[in-house]
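J.: Next comes the sequence, and after it the predicted model I'd like to discuss.
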Amino acid sequence: MNLTSHKQGSVLNLPTPLARLYGTAMKLDIQVRDLPGDCLTGDDDPAAVVVCGAAIAINPALAGDDLRADVLAMALEVAAIMTNRETGDPGEIYAPGGFVVITRNRVPAPRTGPGSLATLIARRCGRDTASAVFGYYVPAFESCFPTLTEDGQG
């Protein structure tokens, strides 16, 4: 048995690491799109935004397929571990608003917790990278509830 061969039709048979990662997202039913241009305002633009674990928006200005592949690997991990309810599990990302922003700040791969799988995912898809882990944050949203009058009308 050849351990380096893959089943016919496997995403790992696709020609590049980035294509393999896009294929992985498709198999997981996660949409991958470019981040809309109106979200981009300068040098501190995000690398990607993960929405409710079901969609990933990648910054189209990222330089090169290698960087895009690493960001996508991180975003796939975030999509898998984000939750909208607080569980106290250190391996999850609590994102009550449904959004996680991945920054352009590459960080060393941690042994456990968020980011611990991103480098492994990237390497499995053919990237030779020391780290496919990036900083991230959960944006805070103000709750906007209509004000009701005494008679219950808005």
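T.: Received, thanks. Residues are numbered from 1 along each chain as shown.
J.: Would you agree residue 116 falls within a helix?
T.: No - under DSSP: H, G, I helix; E, B strand; the rest coil, residue 116 sits outside any helix and is assigned coil.
J.: neighbours of the nearest residue to residue 21 once chain neighbours are set aside, just the number please.
T.: Distance criterion C-beta to C-beta, 6 or more residues apart in numbering; nearest residue to residue 21, sequence neighbours excluded, is residue 72 at 4.5 Å. Every C-beta, even on glycine, is put in place using the N, C-alpha and C of the backbone. Residues lying near residue 72 (other C-beta atoms under 10 Å) number 32.
J.: you'd agree residue 72 is up against residue 57?
T.: No - Residue 72 is beyond contact range of residue 57, at 11.0 Å (criterion: C-beta atoms under 8 Å).
J.: in the longest strand seen in the chain, what's buried?
T.: For the chain, the longest strand by residue count, based on DSSP state E, is strand 99-107. If you call a residue buried by 16 or more other C-beta atoms under 10 Å, then strand 99-107 has these buried ones: 99, 100, 101, 102, 103, 104, 106.
J.: contacting residues around residue 103?
T.: Going by C-beta atoms under 8 Å, 6 or more residues apart in numbering, residue 103 touches 46, 47, 134, 135, 136, 137.
J.: Next: residue 24.
T.: 11, 76, 121, 125.
J.: mind checking which helix or strand it is in?
T.: Assessed by DSSP states H and E, residue 24 sits inside helix 17-27.
J.: What residues sit buried inside that helix?
T.: 17, 18, 19, 20, 21, 22, 23, 24, 25.
J.: and the fifth one, what does it touch?
T.: The reference is to residue 21. 69, 72, 73, 76, 121, 122, 125.
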